[in-house]
Each structure stands twice: as C-alpha cells, then as structure tokens.
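Enquirer: Show me how the following folds:
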Amino acid sequence: MSDGAGELLTTSAERASLRWSIYLLLLVISLSALTARIMRVESSDKKHPSPFLSANDRSRWCTIRALVDEGTYAIDDVIFDACGNRVRGWHTIDLVRHKGADGREHYYSSKPTLMPTLFAGVYWTIKQTTGATLKDRTFYVARLMLVVLNVVPLGVALWLLARLVDRTGLRDWGRVFVFACAAFATFATTFAITLNNHLHAIVLVIFTLAAAWPIWRGESAAWWRFALAGFFAALTAANELPALSFFALVAASLALKSPMRTAAAFVPAAALVAVGAFGTNYLAHGSWKTPYAHRKDGPVIATIDAGAAEQLNRGEVAASLRETLAEKTIPHSEEAMVEVRRPGERWSYWDPKSQTRLALVAIAETPSEAGRIEVREWDNWYDYEGSYWTPERLTGVDKGEPSRATYALHTLIGHHGIFSLTPIWLLSFLGIAMWLCSGDRTLQGFAAGVLLLSLVVFAFYLSRPQIDRNYGGMTSGLRWMFWFTPLWLMTMLPAVDWISRSKTGRIVAVVLLAISVFSAHYAAMNPWSHPWLFDYWSGLGWISY
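Expert: Residues are numbered from 1 along each chain as shown. Below you'll find the model as predicted:
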C-alpha cells in the first residue's frame, strides 16, 4: 500500500473517530438534559402536586398502579377515595366505564393495555426491592420509572440511529447534522418526560430499522434480524394503530427478500406481540376490541312503543319496558331507573341490583320504524355521568376542526404544522425526492415506502370525523405523526449531504435546525401544552378555539 493510500486510510479512520466523539457528546448532553427535566417534572396543580402532566399519562399510571397494588385493571380505587370523591392528581378524563368480570361496573383506562401491563413489571420490581409505592412515594417511583422506561430505551435507540446515519450518510457534516436533529430538534425528547405511547413508537421504529436495514441493503440475512424486525414492527403498531401500515410495509419488503425467513421468523415474533396486545385487552375489558371501538350503542334486542317516551323523560321505567325485559328474561328489579340523555331521543336504563345497563333510542328512519323506541345493549363505554367525551362537554380544539381544508393547512404549515414547527422535515421530503431519483434500488424503495406511508397516514387523519380532527388535543405538536421521526431523519441524509457542500446551504440547514429545536423545547417541561405558534397566534387574535 502506498504512503498516500495509508494517509488516506488514517485520515478516514480519524474522521470516523471524530464523528463518533461528536455523536457521543450530543447523546450525553441530550440524555443528561432529559434526565434533569424528569427529576424536576411536576404538574401545574400546586394544591395537589404530582409528576403526571396530563389526563393522558395519568390514565396509564392508573392502570400500572391498579395492576400492581390491586391486582386488577379496574382503576376505581385509584381515582376515587373511600367516600367516592375524586382523588386529585390521579383522576383522569381518559377513562371508560363498563361491566367487569365480577358482574359490576368499573372504570378503566381507555388506553391500550399492553404497554401499561409491561411497565407494571418495572413498578412491581421497584416496589419489591425498595418498598416504595406509587401511592405513598409518587414522585420517587414515577421519576425513577421514567428514567428506566424513557431515557434508557431512547439512549439505546439514538445510538442505533447514529450507526444507521453514519453508515448511510456520505458527508461528515450531513451525518452530524442529522444526528443533532435526532438529539435535539424533534418531539421525541419533548415527550420523554411523560409516560406516553408516542416516544416508544419512535424508539420501536428505530429498533425495527436497525434490524431490517442490513437485510434491505443485502448486508445480512440472519434469521434473528427477521425475528427482531417482526417483533419491533408489531410493537410499533401496538403503540400507534396507524403504524399497522408500517408493519405491513416492513413485512412485505422482507418477504420479497426472503419469504422463508419472513414466514419462519418475522411472523411468529409479530404473532407473539399480537397475542400480548389482544390478550391483555381481553383480560382488562372482557372484549377483543379496544375501548376506542366501544363508542356506539350495541345490537337491538327489542323495541317498545314510542308512547313510553313521556314516562322515560320523567326518569321512570315505563311499563312497556318492564314487560319487554321480562319477555327477554333480562334481569331487572324495582331499583331500576332511567337516566335521560337527550329528552325524547335517548335514555339509559340502569338496574343497580343486577348491574344491567341498556340504551333506549327513539327511531323514525322509515315509516315502518316510526313511533318506536329501540332497546339496545349498552356498548358506549364513553357515555357515563361526568364524561368529558360528549359533544356538550368538549372544549377548545377537542371539539374538532369543521373544515378539512383548514385542518390540512394547520397540520402542515399552521399552528400544529409538521413543516412550520419542525422545518427540518422539508429537508426530509427533499431527500425522498433525491433518493427516488438515485440509481440505488434499495434507497429508492425505502424513499417510496416512507412517502407512501406519510401520505396514507396523513390522509387517514384528514378523513376522520370532526371530533377526531382535534390536532391531538392540547399537545405541543401533531403527535399522530411523531412516529415518522426516524424515517424522516433517514430520508434527510441525501438532502443534507447535498446542501452542505455550500456555505449558504449550511446556513439554511442551521436556521431550519434552530426553529425546530425551539419548537421542541418550547414545551420542554410539559409536552401536553399548545405549540408556540398556537399560543402566539391566539394572543394576536388570529385563531380562536
């Protein structure tokens, strides 16, 4: 080997060493700052302080505490005291109510069950080793769990992402820039101080990429990579339902590489996650469907004459209803009562003795049905006394955006905009275009897949009914799309490599980075707050919700 070649290799090795030193510095700074924030995390309720920042994370903490301390998914004893009063600091609006395995109605978290069930194992370990409980030493246990469950997995994920970025990028400046974005300029670290599904979906996408990327690039076809890709892709979908599209795309792409390994390793690993997700949901709710799917009345079991409406409006159990229940052998007692939901339109029948609840709905859809009242099984788990999830109680952005065009505008370049809050993603879609035009079929396929997923998921949320077009509620960004973070960071590489060739290009990239870092850190102490653009425009009177 010539001296020139030796110098080149030495220089290349030194440059790689320097890059990894920078990655390590950025990683340590990011995780240290994140841990410090977790150690200071506290709700805004000074009378009842807690380390929980919203109804969203409290809902998950309630399940974890109930599982370990009470051995049940029912959270009644967590959110209510012995006198039936709400426990401030623990009560949440993200809950449902339905009959449990004991035949009586209970409250449950509305969140998917798999993640809280797994996390309950961490709480159980802490409780067994230290004696500390979430009830008596809430701050100590919760903060320790956040470090274990959020900081550690995110640190591993960022290290794996650094390996992918370093392997795929072509220029040193571009590689370091992309990793700096990952460490400071996305909402991953923003949401890492609270218990939520979005952070873990981001982490799981990175784990999936780390396992599958060498397969896609033809660098490895190890069976264990297929198994890990299936496991982590399925876990991603279990955390973010729209990520089922990601799971399907990963499965299809790996099947093209090796149908046998996909069937023998990827599928069984994914099936294990599916069993856990559906199994824990059934254990919790006695249903294979998640609580989100229980928002409507159940099947019709009988009809009664509309003449009963007058008695029902007075909260009385109409005679015709009692006769019908007797005919259908449905349990009922003298203690039964009727609750008026909408006078003349909707009522609920409730028998506290048998814990039987039914929906009564007036119908007039066809001449043959006119003048009848349907008696339906109760399946609207979100309909209970004091429920926030009714059209009358919803406030602010939770009411939903009536106009799909306005919703699209604000979710792209408006107050919750993907590109207005985090303009580094402009480079990602430029990078997608560049990889699509490249001669590398693997990179072309990856770019096409990311573009397809982005468009499909965005269109899905745009097509939702008004009540679901709520920008994610009170949150610092469009959280439905956060799980795309690793995919968009990877597609950013070719664009950053290209613009970093000029001083002007680097300046533009740094400006985009600065705005994105500002947006991510604006809500650094509570991600469950509105974005800075939302607050600023509200102050100016440009928007009103």
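Enquirer: And the helices in the stretch 51-200 of the chain, which stretches?
Expert: Taking DSSP state H, counting those that start in this stretch as the criterion, the stretch 51-200 of the chain contains helices spanning 55-65, 76-79, 114-130, 138-146, 152-168, 172-184, 187-190, 197-216.
Enquirer: mind exporting the third one as CSV, just the C-alpha atoms?
Expert: Going back to what we said before, that points to helix 114-130. The C-alpha trace of helix 114-130 is given here as CSV (Å, rounded to 0.1, in the frame of the first residue of the first chain):
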residue,chain,number,x,y,z
LEU,A,114,-50.1,-3.9,26.5
MET,A,115,-47.7,-1.1,27.4
PRO,A,116,-49.0,-0.4,30.9
THR,A,117,-49.0,-4.1,31.6
LEU,A,118,-45.4,-4.4,30.6
PHE,A,119,-44.5,-1.3,32.5
ALA,A,120,-46.3,-2.6,35.6
GLY,A,121,-43.4,-5.2,35.8
VAL,A,122,-41.0,-2.3,36.4
TYR,A,123,-43.1,-0.9,39.1
TRP,A,124,-43.5,-4.3,40.7
THR,A,125,-39.7,-4.6,40.8
ILE,A,126,-39.2,-1.2,42.4
LYS,A,127,-41.9,-1.9,44.9
GLN,A,128,-40.4,-5.3,45.9
THR,A,129,-36.9,-4.0,46.1
THR,A,130,-37.4,-0.6,47.8
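Enquirer: Just the buried residues of it, please?
Expert: Leu114, Met115, Pro116, Thr117, Phe119, Ala120, Val122, Tyr123, Ile126, Lys127 (16 or more other Cβ atoms under 10 Å). All C-beta atoms are positioned from the backbone trio N, CA, C, and that covers glycine.
Enquirer: I'd say Tyr349 and Glu316 touch.
Expert: No - using Cβ atoms under 8 Å, Tyr349 is not in contact with Glu316; the gap is 11.0 Å.
Enquirer: and Pro214, how many neighbours does it have?
Expert: For Pro214, the count of nearby residues is 15 (other Cβ atoms under 10 Å).
Enquirer: how about the nearest residue to it once chain neighbours are set aside, phi and psi?
Expert: Take Pro214 and drop its neighbours on the chain: the residue closest to it by Cβ to Cβ, 6 or more residues apart in numbering is Ser220, 4.0 Å away. When read as degrees, to the nearest 10, the backbone of Ser220 gives phi -160, psi 150.
Enquirer: likewise the one 5 residues further on?
Expert: Per-residue torsions, Arg225: phi -70, psi -40 (degrees, to the nearest 10).
Enquirer: hmm, back to that, now the helices of the stretch 51-200 of the chain in CSV, please, with extra columns for distance to Asp398 and mean pLDDT.
Expert: Converted to CSV, those look like this (distance: least, Cβ to Cβ, whole Å; pLDDT from 0 to 100):
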stretch, distance to Asp398, mean pLDDT
helix 55-65, 11, 96
helix 76-79, 20, 94
helix 114-130, 23, 97
helix 138-146, 26, 97
helix 152-168, 29, 97
helix 172-184, 30, 97
helix 187-190, 20, 97
helix 197-216, 18, 97
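Enquirer: out of these, which comes closest to Leu34?
Expert: When the helices of the stretch 51-200 of the chain are compared by Cβ to Cβ, helix 187-190 sits nearest Leu34, at 5.5 Å.
Enquirer: so how far is the closest one from its chain's centroid?
Expert: The chain centroid and the centroid of helix 187-190 are separated by 13 Å under Cα atoms, centre = their mean, to the nearest Å.
Enquirer: Which other helices and strands does it contact?
Expert: helix 3-40, helix 197-216, helix 503-522 (3 or more Cβ pairs under 8 Å, 6 or more residues apart in numbering; DSSP states H and E).
Enquirer: Tell me which residues are up against that helix.
Expert: Residues external to helix 187-190 that are found in contact with it (Cβ atoms under 8 Å, 6 or more residues apart in numbering): 30, 33-34, 154, 182-183, 198-199, 202, 422, 476-477, 479, 482, 485, 520-521, 523-524, 527.
Enquirer: Out of those residues, which end up buried?
Expert: In the contacts of helix 187-190, burial by neighbour count holds for 30, 34, 154, 182-183, 198-199, 202, 422, 476-477, 479, 482, 485, 520-521, 523, 527, counting by 16+ other Cβ under 10 Å.
Enquirer: Quickly compare the helices and strands packed on helix 187-190 and say which is most buried.
Expert: Of all the helices and strands packed on helix 187-190, helix 197-216 has the most neighbours on average by mean count of other Cβ atoms under 10 Å, namely a mean of 24.
Enquirer: just the angle between that one and helix 114-130, please?
Expert: 110 degrees (axes from the mean of the first three to the mean of the last three Cα atoms, to 10 degrees).
Enquirer: counting contacts, what elements does helix 197-216 pack onto?
Expert: Contacts defined by 3+ Cβ pairs under 8 Å, 6+ apart place helix 197-216 against helix 152-168, helix 187-190, helix 223-239, helix 244-257, helix 441-462, helix 485-499.
Enquirer: Go again with 10 Å.
Expert: Contacts defined by 3 or more Cβ pairs under 10 Å, 6 or more residues apart in numbering; DSSP states H and E place helix 197-216 against helix 55-65, helix 114-130, helix 152-168, helix 187-190, helix 223-239, helix 244-257, helix 441-462, helix 485-499.
Enquirer: Would you mind pulling up the elements that the fifth one packs against?
Expert: What it means is helix 223-239. Applying 3+ Cβ pairs under 10 Å, 6+ apart, we find helix 223-239 packed against helix 114-130, helix 197-216, helix 244-257, helix 259-261, helix 267-285.
Enquirer: Correct me if wrong: Val205 contacts Ala233.
Expert: Yes - in this structure, Val205 is within contact of Ala233 by Cβ atoms under 10 Å, at 8.3 Å.
Enquirer: Residues that sit against both of these two, list them.
Expert: Contact criterion Cβ atoms under 10 Å, 6 or more residues apart in numbering; residues shared by Val205 and Ala233: Ala243, Phe246, Val250.
Enquirer: before we move on, back to that, is it possible to get TSV of the helices and strands packed on helix 187-190 that adds distance to Val141?
Expert: Below are the helices and strands packed on helix 187-190 laid out as TSV (distance: least, Cβ to Cβ, whole Å):
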stretch	distance to Val141
helix 3-40	13
helix 197-216	19
helix 503-522	27
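Enquirer: Of all those helices, which one is nearest Ala309?
Expert: Per Cβ to Cβ, nearest to Ala309 of those: helix 197-216, 43.0 Å.
Enquirer: Just give me how far the closest one sits from the chain centre.
Expert: 15 Å.
Enquirer: do the same with stretch 398-409
Expert: Offset of stretch 398-409 from its chain centre (Cα atoms, centre = their mean): 20 Å.
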